[in-house]
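> model the following, please.
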Amino acid sequence: MTLPSYLVIEGNIGAGKTTLARMLAERFNHRLVLEEFSDNPFLPLFYRDPERYAFPVELFFMAERHKQLQAELSTPELFSRGTVADYLFVKTMLFARNSLSEQEFRLFTRLFRALDGAFPKPDLIVYLHRPVAALQANIRRRGRSYEQEMKDDYLHSVQQVYLDYLRSVKDIPILLVELGEENFTEDEALFERLVEGITGEVKPGVQTLELHSFRSSPIMF
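Below is the predicted model of the structure:
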């Protein structure tokens, strides 16, 4: 089994992106690029007052993501050793679209376009899709104080923005992994099924891998 040279794990808040990225990087000896979200001084303020702090929190994230990816993805190790990251730069736009007013978003889009296009496309995007109830359970479990008041409606809207984006991507292979409250850190067989899906053939566009233990309506693409 071989991992794609440049693999990005994406998903909603509490989906398990960072955990999976760590496990895969360790398993396949890839470099690990993790978003440094805890350094954003506006994040706790945003969760308390989203309307007031949405623009500075998203602007800070965009600047920091660009700086980090510019440093990490310009090294020869990107393809010689392989890289696993737990975010896409376009995540900046997806969260901004969900959080900003129309006027703020127009300005934000102009800034984003000035920075976008500097990074290589991933060889594969893995999107972890969980129901909001499972996301909330994970958020409570990891215990970050500023996340504990997060509303279901916010997570639903983030999920929808991500799915709309995935539907629009035609030139990158995307593996959408449907999960419930399953924990691949504690379930070795589940992790191996996930590894098998990631290392298998995934064509451009969205391909679904169902790993949840409940019945639900399939996501239509």
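> which SS class is residue 128?
With DSSP: H, G, I helix; E, B strand; the rest coil as the basis, the three-state label of residue 128 is strand.
> hmm, residue 11 and it touching each other?
Yes - taking CB atoms under 8 Å as the definition, residue 128 is a contact partner of residue 11 at 3.6 Å. (C-beta placed from N, C-alpha, C; glycine too.)
> which neighbours do the two have in common?
Both residue 128 and residue 11 are contacted by residue 17, under the criterion CB atoms under 8 Å, 6 or more residues apart in numbering.
> what segments of this structure are strands?
Here the chain has its strands, by DSSP state E, at 6-11, 31-33, 83-85, 124-129, 173-178, 205-210.
> which ones are touching the closest residue in space to residue 124 that isn't next to it in sequence?
Excluding its sequence neighbours, the residue lying closest to residue 124 (CB to CB, 6 or more residues apart in numbering) is residue 4, at 4.3 Å. Residue 4 sits next to 82, 122-124, 198 when contact means CB under 8 Å, 6+ apart.
> also residue 94?
158, 161-162, 165.
> turn the contacts of residue 4 into JSON lines, columns for pLDDT, neighbour count and distance to residue 66.
As requested, the contacts of residue 4 are arranged in JSON lines below (pLDDT from 0 to 100; neighbours: other CB atoms under 10 Å; distance: CB to CB, whole Å):
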{"residue": "82", "pLDDT": "91", "neighbour count": "20", "distance to residue 66": "22"}
{"residue": "122", "pLDDT": "96", "neighbour count": "21", "distance to residue 66": "16"}
{"residue": "123", "pLDDT": "96", "neighbour count": "17", "distance to residue 66": "21"}
{"residue": "124", "pLDDT": "98", "neighbour count": "18", "distance to residue 66": "22"}
{"residue": "198", "pLDDT": "97", "neighbour count": "21", "distance to residue 66": "27"}
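> return the closest of the residues you listed with respect to residue 35.
Closest approach between the contacts of residue 4 and residue 35, by CB to CB: residue 122, at 14.7 Å.
> does the closest one touch residue 7 like I think?
Yes - using CB under 8 Å, residue 122 is in contact with residue 7, at 6.5 Å.
> give me the common contacts of the two.
In contact with both residue 122 and residue 7: residue 85, using CB under 8 Å, 6+ apart.
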